[in-house]
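Predicted model and sequence below, questions to follow.
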Amino acid sequence: MHVALCSLLVVLAVPAATAQSSWSSLQARGIKLPKRWGVGVSYYNQTQPYEIDTLSIGLPGWDPSLAYGLPVDNDTTSMHATFDYWLAPYLNVMAMAGEIDGETAVQTSGLPLPLPIGDLTVDYGGFMYGAGLTLAGGWDKVFAALTAQYTNTDLDLADSSVDAWVLTPKVGLTFDALSVWVGAMYQNAEERHRGTYTIPPLGTVPFDVTLHEKEPWNYLLGVSVGLGEHWVLIGEGGFGDRDAYLVHLEYRW
């Protein structure tokens, strides 16, 4: 993916409460709250177009302005663990860590060059980690939530990096063990890769490219199902310029 992970986002419906309301006093009033601790595992995939900020290629006479407007595609998959805790009935904090695999392909066939240089494709993987928080509230069966997250990666390519800020507003309905929602994801990511690739008959040529998502927003649809007293299964799909899906299974206590 760029990493976005996100996406990587879990939101549970909770009733509205003031900062002065304690967890136990709300429960004593018969208000149903989620279990405060949670640990889970997530599988996430997203595909989206990128735009190039800068692209330098070690070719004589290379003009960096030629890179603007080149088609760029990104595909990212992550498998990560999450840990979260409700500090208050309206505030959840979370941490996550796991593995990420991605591919970014810059299509150079449209460049006005006397010699075709082939597409620039970067495959990468590594360790992803991040943290975030959720503000949530609701009334009766209606809830709203806003999640903010930051993720970073340690990639297996020494001269590559991916980091992202993600903001996810959602509104939905809850029916006992079932919740459904609609929302959107804002993703502000930066990806940079430096290395070499082979251009016949020129041989090995250095490159340096920085990119960001073409469209930061996409739409979300999601559902969560309680599986008994402690288990929750969540599915979420993203639509628009960024297509994504998330499957998350968690245990709460």
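Looks like it came in fine. Numbers count the residues shown, from 1 in each chain.

can you dump the C-alpha coordinates of stretch 169-179 into PDB?
These are the backbone C-alpha positions of stretch 169-179, laid out as PDB (Å, rounded to 0.1, in the frame of the first residue of the first chain):
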ATOM      1  CA  PRO A 169     -15.000   8.700  10.500                       C
ATOM      2  CA  LYS A 170     -17.900   6.300  10.700                       C
ATOM      3  CA  VAL A 171     -21.600   6.200  11.600                       C
ATOM      4  CA  GLY A 172     -23.700   3.100  12.100                       C
ATOM      5  CA  LEU A 173     -26.300   1.100  13.900                       C
ATOM      6  CA  THR A 174     -25.900  -1.600  16.500                       C
ATOM      7  CA  PHE A 175     -28.400  -4.500  17.100                       C
ATOM      8  CA  ASP A 176     -27.300  -6.600  20.100                       C
ATOM      9  CA  ALA A 177     -24.400  -8.700  18.700                       C
ATOM     10  CA  LEU A 178     -24.500  -7.100  15.200                       C
ATOM     11  CA  SER A 179     -23.200  -3.700  14.200                       C
END
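
what comes into contact with that stretch?
Applying Cβ atoms under 8 Å, 6 or more residues apart in numbering, the external contacts of stretch 169-179 come out as 11-13, 138, 141-147, 180-184, 220, 222-226. The C-beta positions use only the backbone N, C-alpha and C, and glycine is treated the same way.

Show me which positions of it end up buried.
Within stretch 169-179, the residues scored as buried using 16 or more other Cβ atoms under 10 Å are 169-170, 172, 174, 179.

Show the average pLDDT along that stretch.
Averaging pLDDT along stretch 169-179 gives 94.

Tell me how far that stretch lies from the chain's centre.
When C-alpha coordinates are averaged (Cα atoms, centre = their mean, to the nearest Å), stretch 169-179 and its chain have centres 21 Å apart.

which residues in the stretch 101-250 of the chain form strands?
Chain-ordered strands for the stretch 101-250 of the chain, with DSSP state E, counting those that start in this stretch as the definition, fall at 120-139, 142-155, 160-175, 178-199, 203-213, 217-227, 231-239, 243-252.

That concludes my questions; thank you for your assistance.
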